[in-house]
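> here's a sequence, model it:
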Amino acid sequence: MHYNAANHCEDTQMNKGELVDAIASKASVTKKEADAILTAMVDTILETVASGDKVTIVGFGSFEARERQAREGRNPATGAAIQIPATRVPVFAPGKGFKDRVAPEE
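Coordinates of the predicted model:
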């Protein structure tokens, strides 16, 4: 769902511009300030996780990089076995507050 000025849900996704609009409205700042804040937050999370550290926002979730071990996979076109190399992947784990908001217990 996405947020609009009338606070109605119109769609099933929110893009960055709509997120900036929502932040500006909720925080009583200009759209330019909200965009700068959002950009700084995303850049900081990316830099921190890329450096190997974890970012935790209590009630929202945690961002971190995890090592994925090498494994064997299959080529879907031929069915032949292939080796998938080890790699580092970004991971987001939602916090309790986020989970409860998305799927409230009744």
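> hey, let's count contacts and neighbours off CA atoms from now on
Noted.
> per-residue confidence for Asn7?
pLDDT for Asn7: 52.
> so who does Gln69 touch?
Pro85, Ala86, Thr87 (CA atoms under 8 Å, 6 or more residues apart in numbering).
> and Pro90, by the same measure?
Val49, Phe63, Glu64, Ala65, Arg66.
> how far away is it from Thr30?
31 Å (CA to CA, to the nearest Å).
> kindly report the same for Arg66.
Distance from Arg66 to Thr30, by CA to CA: 37 Å.
> likewise Arg68?
41 Å.
> and for Val89?
Counting by CA to CA, the gap from Val89 to Thr30 is 35 Å.
> kindly report the same for Pro85.
Note on Pro85: its distance to Thr30, by CA to CA, is 46 Å.
> okay, these two: which has more neighbours?
Thr30 (14 against 10; other CA atoms under 10 Å).
> and the pLDDT at that one?
Predicted confidence (pLDDT) for Thr30: 97.
> wait, what's in contact with the nearest residue to it once chain neighbours are set aside?
In space, and not counting its chain neighbours, Thr30 is closest to Ala24: 5.5 Å by CA to CA, 6 or more residues apart in numbering. Shown in contact with Ala24 (CA under 8 Å, 6+ apart): Thr30, Lys31, Glu33, Ala34.
> next secondary structure element downstream of the helix or strand Ala24 falls within?
For Ala24, the host element (DSSP states H and E) is helix 16-27. Downstream of helix 16-27, the next assigned helix or strand under DSSP H and E is helix 31-50.
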